[in-house]
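*Asks:* okay, predicted coordinates and the sequence, questions at the end:
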Amino acid sequence: MSVGDIAVRVVISGRVQGVWFRGWTVETASARGLRGWVRNRRDGSVEALLIGPAAAVEAVIAACHHGPPVAQVESVERSQAADDGSSAFRQLSTI
């Protein structure tokens, strides 16, 4: 991780699957220069690892409270995480 970078794991719940949330997250995070990943979870939530400058990470977390137009976000839970060495932001398979 570069100096000043942080890593945060977020789990977004609500109507967040089948509404293009993962694709939207890839675009939003990539536009801010973040690294990490996003994936669906079998419980119906979306999970993301956001890595990069604190201000950019916080901006994407704030955006996740709304998501793409069709999403209905009920909660965004965050926790500190470790940099997993991602070199870009990508979409992973469902877990």
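*Replies:* Perfect, thanks for sending it.

*Asks:* which outside residues touch the lengthiest strand in the chain?
*Replies:* In the chain, assigned by DSSP state E, the strand with the most residues is strand 5-15. Around strand 5-15, the neighbours that count as contacts under CB atoms under 8 Å, 6 or more residues apart in numbering are 1, 21, 36, 41, 44-54, 57, 61, 64, 67, 70-84. Backbone N, C-alpha and C define where each C-beta goes, glycine included.

*Asks:* can you list the weak-confidence ranges in this protein?
*Replies:* Scanning the chain with the threshold set as pLDDT under 70 gives 1.

*Asks:* now do 80
*Replies:* Scanning the chain for pLDDT under 80 picks out 1-3.

*Asks:* can you give me the helices for it?
*Replies:* Using DSSP state H, the helices of the chain run over 21-31, 54-64.

*Asks:* for F89, which of these is the nearest?
*Replies:* Closest approach to F89 among the helices of the chain (CB to CB): helix 21-31, 4.4 Å.

*Asks:* output the closest one as CSV, nothing but the C-alphas.
*Replies:* Extracted in CSV, the C-alpha atoms of helix 21-31 (Å, rounded to 0.1, in the frame of the first residue of the first chain):
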residue,chain,number,x,y,z
PHE,A,21,-24.5,-2.7,-8.4
ARG,A,22,-21.3,-4.5,-9.1
GLY,A,23,-20.7,-2.9,-12.5
TRP,A,24,-21.5,0.5,-11.1
THR,A,25,-19.0,-0.1,-8.3
VAL,A,26,-16.3,-1.1,-10.7
GLU,A,27,-16.9,2.1,-12.7
THR,A,28,-17.2,4.3,-9.6
ALA,A,29,-14.1,2.9,-7.9
SER,A,30,-12.0,2.8,-11.1
ALA,A,31,-12.9,6.4,-11.9
